[in-house]
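*Asks:* pasting the structure only:
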């Protein structure tokens, strides 16, 4: 049953990230082709990098083209409905937080499934969670959130670490996944609500 739930969550995460890409396209007033391109690149970007690095080829959307079709359908839907919410930016950030948390855990889980060690699994969780957003931000002409002071990659890191540590401690996989997801999404939502950020580097006085 847990494997079926993981497959569902993987699909859900891809669609959620596709929606964030499409919402970014709406802010830039792109045409429907731009929506589909940005939504699809965001939805599959992190997972494509993960599978390529882990040698899990062909990558997931090649063997399962339904992922691409889901991204196209989600992006096209957003093209017609993006004007409905009052704040597209707020909606984008919240969808992005959910996708980030999901992919942090699912990316780490997939890495462990193909034989990666705990450290590599955490790294793949962070990469899966963040690289789709990087692609979205770069293609839409925004500064990537991962490079800003706000807590973004840190939330993904926390979720992946909690998930892997719980598994290593013998906690059931489903419990570890839920706990890792909650940790990541709570930190990301907390950062959005209370404007949490990491400290900025300060050059010592006198340095050149």
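*Replies:* Good, I have the coordinates. Every value quoted in this text rests on a predicted model; they were computed, and no experiment measured them. Numbering: from 1, shown residues only.

*Asks:* For residue 2, which residues are in contact?
*Replies:* Contacts here follow CB atoms under 8 Å, 6 or more residues apart in numbering; on that basis residue 2 touches 173-174, 177. (Each C-beta comes from the backbone N, C-alpha and C, glycine too.)

*Asks:* what does residue 70 give?
*Replies:* With contacts defined as CB under 8 Å, 6+ apart, the neighbours of residue 70 are 11, 14-15, 18, 43.

*Asks:* in the helix or strand where it lies, what's buried?
*Replies:* Secondary structure here is read from DSSP states H and E; on that basis residue 70 sits in helix 66-81. Applying a neighbour-count criterion of 16 or more other CB atoms under 10 Å, the buried positions in helix 66-81 are 67-68, 70-72, 74-75, 77-79.

*Asks:* Nearest to residue 121 among those?
*Replies:* The shortest distance between residue 121 and any of these, using CB to CB, involves residue 67 and amounts to 21.6 Å.

*Asks:* you'd agree the closest one is up against residue 40?
*Replies:* No. Counting by CB atoms under 8 Å, residue 40 is not a contact partner of residue 67; they are 9.0 Å apart.

*Asks:* sorry, back to before: including secondary structure, distance to residue 58 and neighbour count, could the contacts of residue 70 go into JSON lines?
*Replies:* What follows is those, written out as JSON lines (DSSP: H, G, I helix; E, B strand; the rest coil; distance: CB to CB, whole Å; neighbours: other CB atoms under 10 Å):
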{"residue": "11", "secondary structure": "helix", "distance to residue 58": "18", "neighbour count": "14"}
{"residue": "14", "secondary structure": "helix", "distance to residue 58": "16", "neighbour count": "30"}
{"residue": "15", "secondary structure": "helix", "distance to residue 58": "21", "neighbour count": "20"}
{"residue": "18", "secondary structure": "helix", "distance to residue 58": "20", "neighbour count": "33"}
{"residue": "43", "secondary structure": "helix", "distance to residue 58": "17", "neighbour count": "32"}
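
*Asks:* could you dump those residues to JSON lines with distance to residue 122 and pLDDT?
*Replies:* Below are the contacts of residue 70 laid out as JSON lines (distance: CB to CB, whole Å; pLDDT from 0 to 100):
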{"residue": "11", "distance to residue 122": "23", "pLDDT": "94"}
{"residue": "14", "distance to residue 122": "21", "pLDDT": "95"}
{"residue": "15", "distance to residue 122": "25", "pLDDT": "94"}
{"residue": "18", "distance to residue 122": "25", "pLDDT": "95"}
{"residue": "43", "distance to residue 122": "22", "pLDDT": "96"}
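
*Asks:* Among those residues, which one sits closest to residue 102?
*Replies:* Using CB to CB, residue 14 is the member of the contacts of residue 70 that sits closest to residue 102, with 9.3 Å.

*Asks:* who's in contact with the closest one?
*Replies:* Applying CB under 8 Å, 6+ apart, the residues contacting residue 14 are 43-44, 47, 67, 70-71.

*Asks:* gap between stretch 155-164 and the chain center?
*Replies:* Relative to its chain's centre, stretch 155-164 lies at 12 Å (CA atoms, centre = their mean, to the nearest Å).

*Asks:* picking that back up, who wins for neighbours among the contacts of residue 2?
*Replies:* Scoring these on neighbours with other CB atoms under 10 Å, the highest-scoring entry is residue 177 at 25 neighbours.
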